[in-house]
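Engineer: return a 3D structure for these sequence lines:
(2 chains)
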Amino acid sequence: MSTVDVREAVTRAHHQEWARVVAALARRFGDLDIAEEATAEAFATAVEHWPAGGVPPNPGGWLTTTATRKAIDRIRRESKRDDKHKEARMAYHDDPPEPVGAVDDDRLRLVFTCCHPALAMEARVALTLRMVAGLTMPEIARAFLVAESAMGQRITRAKAKIKAARIPYRVPSEQDLPARVSGVLAVLFLVFNEGYLATGPDTDPVRHDLTAEAIRLTRLIRALLPQDGEAAGLLALMLLTEARRTARVSVSGELVSLAEQDRGAWDTALIAEGHRLVRERLAAGAAPGRYQILAAINAVHTSARDVRDTDWSQVVALYDQLVRLDPSPIVALNRAIAVAEIDGPEVALAAVDRLDDSLSAYHAYQATRADLLCRSGRSQESRAAYDKAIELAGNTAETAYLTRRRDQLG
Amino acid sequence: MQYLVSVIFDQPGLATPEEDAAIDVFNARLVAEGHWVFAGGLGAPDTATVIDNRGGEPMFTDGPYVESKEFLAGFWIIEAADLDVALKLAAEGSKACNRKTEVRPFL
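Structural biologist: Numbers count the residues shown, from 1 in each chain, chains lettered A, B, ... in the order given. Just a heads-up that it's a prediction; the model follows:
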């Protein structure tokens, strides 16, 4: 087997098996730290042994066995050093088996533990990327522009809290499930959004590594919770957004607005899959949550071959539905953008200006105002709004786009 | 596993009769379901005295060890299988006493 083949086999195993191995060990040993370390060691062993010994017929089984051995070694080492520690761990071990929740899968337990509401949001994101997605500490630190040591501390602190406060390793009860699932989806959506419009000026404007990871994790959640409409909705939303990724930044590194994108460059396979999910949710007939509505809005956009074919009244109707669920100013802002296409920029501008109190420091608010002012023929005010938007935007491609728009003003 | 559920408050004055009644109902439930260990309300922060006897001669200082707007008004010590159970109980406790609560595990 060639080196390339082995490397590919390791990468594939990493994608497919990392979470499974961590999750199985976390359950067996009741300790995330041990599970993470032993899994990482097992993968390091695979990198070392597979080139000479060949890829085992069942890589997942091989990795779990190897990781389990590593974990037992570590516990033995530690228990020699510290008998009390061992006792504590054994006590946790001998707990009666937990009642099986609505869905029984070790990986799901792992996700719910990493996204527990008692952890800070940034810790949930970091833990999920480390434990479930298998990203390394430097990768996570880079993704969020945090020093590696700070990211390491964040994860260590979160693991320590899980252990000391005894955050359970369990799928929540049926009654708590909807709220907890929505917490998990919020973490995944955050990862996706950071990838899709990186907030900092020091990274690529679109981070495919993060969007791909978010989609992979959401696929997993969707597979584990096939009945959950919002999991399907979030996956559809991500796919329909990701489908436009390559058309979204120009060769010169400028953000390309939805209206100006080369629709021929959109990924038709992702769009087809996204549309299928949206249709599936419509057929289910259950009241949609916010991700399902956002997915439906994106389905309308991606159904139009040309921006002029967009069914704007359908978009506005969907935003109306969304406003009822989530009356936040950001939803109102996005609704106004669609309204401009039907009722004209002046009507939209009136709606946008009402949001000034809450959104004046938000780059997309200033950029929307700038565009609507420009279309209303108020170029002086438009320029001032573009200036504000440029000041507030962190993303390099967005700054480039806004600068060009401003400089084109008459 | 035991948890300390601290009651955090930022106003002078004691619990109202309605709050007291709700706390009694909650306490009875804690006892009935085997979560009860101990609970109590505390006097106002300005009734506190700080003692430092690390130097051989005990030093007494009037007032709480840390001055802040929010203070510990009382607490429960509960027995709970894990943090999920403790958080649920602390949420009900918060509702009963009409104040914020904080959960911390005992070592």
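Engineer: what secondary structure does residue B:77 sit in?
Structural biologist: Classification of residue B:77 using DSSP: H, G, I helix; E, B strand; the rest coil returns strand.
Engineer: that one reaches residue B:3, doesn't it?
Structural biologist: Yes. Using CB atoms under 8 Å, residue B:77 makes contact with residue B:3 at a distance of 7.3 Å. Every C-beta, even on glycine, is put in place using the N, C-alpha and C of the backbone.
Engineer: show me the common contact partners of those two, please.
Structural biologist: residue B:106 (CB atoms under 8 Å, 6 or more residues apart in numbering or on different chains).
Engineer: for the two, indicate the residue with more neighbours.
Structural biologist: Between residue B:77 and residue B:3, counted using other CB atoms under 10 Å in any protein chain shown, the more crowded position is residue B:3 (26 against 15).
Engineer: give me phi/psi at the more buried one?
Structural biologist: When read as degrees, to the nearest 10, the backbone of residue B:3 gives phi -130, psi 140.
Engineer: who's in contact with it?
Structural biologist: By CB under 8 Å, 6+ apart, the neighbours of residue B:3 are B:77-78, B:80, B:83, B:86, B:90, B:103-106.
Engineer: again, only using 7 Å
Structural biologist: B:78, B:80, B:86, B:103-106 (CB atoms under 7 Å, 6 or more residues apart in numbering or on different chains).
Engineer: return the member of these nearest to residue B:60.
Structural biologist: residue B:104 (27.3 Å; CB to CB).
Engineer: and the closest one, helix, strand or coil?
Structural biologist: Criterion first, three-state DSSP; result for residue B:104: strand.
Engineer: may I ask which helix or strand encompasses the residue lying closest to residue A:60 once chain neighbours are set aside?
Structural biologist: Once flanking residues are discounted, residue A:60 sits nearest to residue A:17: 4.4 Å by CB to CB, 6 or more residues apart in numbering or on different chains. Assigned by DSSP states H and E, residue A:17 falls within helix A:3-29.
Engineer: what is the next helix or strand after that helix packed up against?
Structural biologist: Sequence-wise, the next helix or strand downstream of helix A:3-29 (DSSP H and E) is helix A:32-53. The contact analysis (3 or more CB pairs under 7 Å, 6 or more residues apart in numbering or on different chains; DSSP states H and E) places helix A:32-53 against helix A:3-29, helix A:59-81, helix A:148-164.
Engineer: and the residue in the stretch 1-150 of chain A that chain B sits nearest to, what does it touch?
Structural biologist: The stretch 1-150 of chain A approaches chain B most closely through residue A:118 (6.0 Å), counting by CB to the nearest CB. Applying CB under 7 Å, 6+ apart to residue A:118 gives the contacts A:165, A:167, B:83, B:87.
Engineer: all helices for chain B, in order.
Structural biologist: B:17-32, B:83-97 (DSSP state H).
Engineer: what's the longest one in contact with?
Structural biologist: Outside of helix B:17-32, the residues within contact range by CB under 7 Å, 6+ apart are B:15, B:36, B:39, B:78, B:92-93, B:96-98.
Engineer: pull out the buried members of these.
Structural biologist: B:15, B:36, B:39, B:78, B:92-93, B:96-97 (16 or more other CB atoms under 10 Å in any protein chain shown).
Engineer: just curious, which of those residues is nearest to chain A?
Structural biologist: residue B:78 (12.8 Å).
Engineer: so the closest one touches residue B:33, yeah?
Structural biologist: No. Residue B:78 lies out of contact with residue B:33 (CB atoms under 7 Å); the separation is 10.0 Å.
Engineer: quick one: distance of the host helix or strand of residue A:317 to the chain centre.
Structural biologist: Element membership of residue A:317, judged by DSSP H and E, is helix A:312-325. The chain centroid and the centroid of helix A:312-325 are separated by 24 Å under CA atoms, centre = their mean, to the nearest Å.
Engineer: which other helices and strands does it contact?
Structural biologist: Applying 3+ CB pairs under 7 Å, 6+ apart, we find helix A:312-325 packed against helix A:290-303, helix A:329-343.
Engineer: closest to residue A:408 out of those helices?
Structural biologist: Using CB to CB, the helices and strands packed on helix A:312-325 put helix A:329-343 closest to residue A:408, at 18.7 Å.
Engineer: packing partners of that closest one?
Structural biologist: Using 3+ CB pairs under 7 Å, 6+ apart, helix A:329-343 sits against helix A:312-325, helix A:345-353, helix A:356-359, helix A:363-375.
Engineer: let's see 6 Å
Structural biologist: Helices and strands touching helix A:329-343, by 3 or more CB pairs under 6 Å, 6 or more residues apart in numbering or on different chains; DSSP states H and E, are helix A:312-325, helix A:345-353.
Engineer: check what contacts the shortest one and list those residues.
Structural biologist: Helix A:345-353 has contacts (CB atoms under 6 Å, 6 or more residues apart in numbering or on different chains) with A:336, A:339-340, A:369, A:372, A:375-376.
Engineer: one step back: relative to chain A, which of the contacts of residue B:3 is nearest.
Structural biologist: When the contacts of residue B:3 are compared against chain A (criterion: CB to the nearest CB), the nearest one is residue B:105, at 4.5 Å.
Engineer: number of nearby residues for the residue nearest to that closest one when sequence neighbours are not counted?
Structural biologist: Nearest residue to residue B:105, sequence neighbours excluded (CB to CB, 6+ apart): residue A:165, at 4.5 Å. A count of nearby residues for residue A:165, using other CB under 10 Å, gives 19.
Engineer: okay but residue A:165 is in contact with residue B:83, surely?
Structural biologist: Yes. Assessed by CB atoms under 6 Å, residue A:165 is found in contact with residue B:83 at 4.8 Å.
Engineer: TSV please, covering the contacts of helix A:345-353 and showing distance to residue A:235, neighbour count and pLDDT.
Structural biologist: Output for the contacts of helix A:345-353, formatted as TSV (distance: CB to CB, whole Å; neighbours: other CB atoms under 10 Å in any protein chain shown; pLDDT from 0 to 100):
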residue	distance to residue A:235	neighbour count	pLDDT
A:336	27	26	96
A:339	28	22	96
A:340	29	22	96
A:369	33	27	96
A:372	32	26	96
A:375	35	15	94
A:376	38	16	95
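Engineer: ok, which residues in chain A are in contact with chain B?
Structural biologist: A:118, A:164-168 (CB under 6 Å from any CB of the partner chain).
Engineer: in these, find the pair that's most separated.
Structural biologist: So, these by CB to CB: farthest apart are A:164 and A:168, at 13.2 Å.
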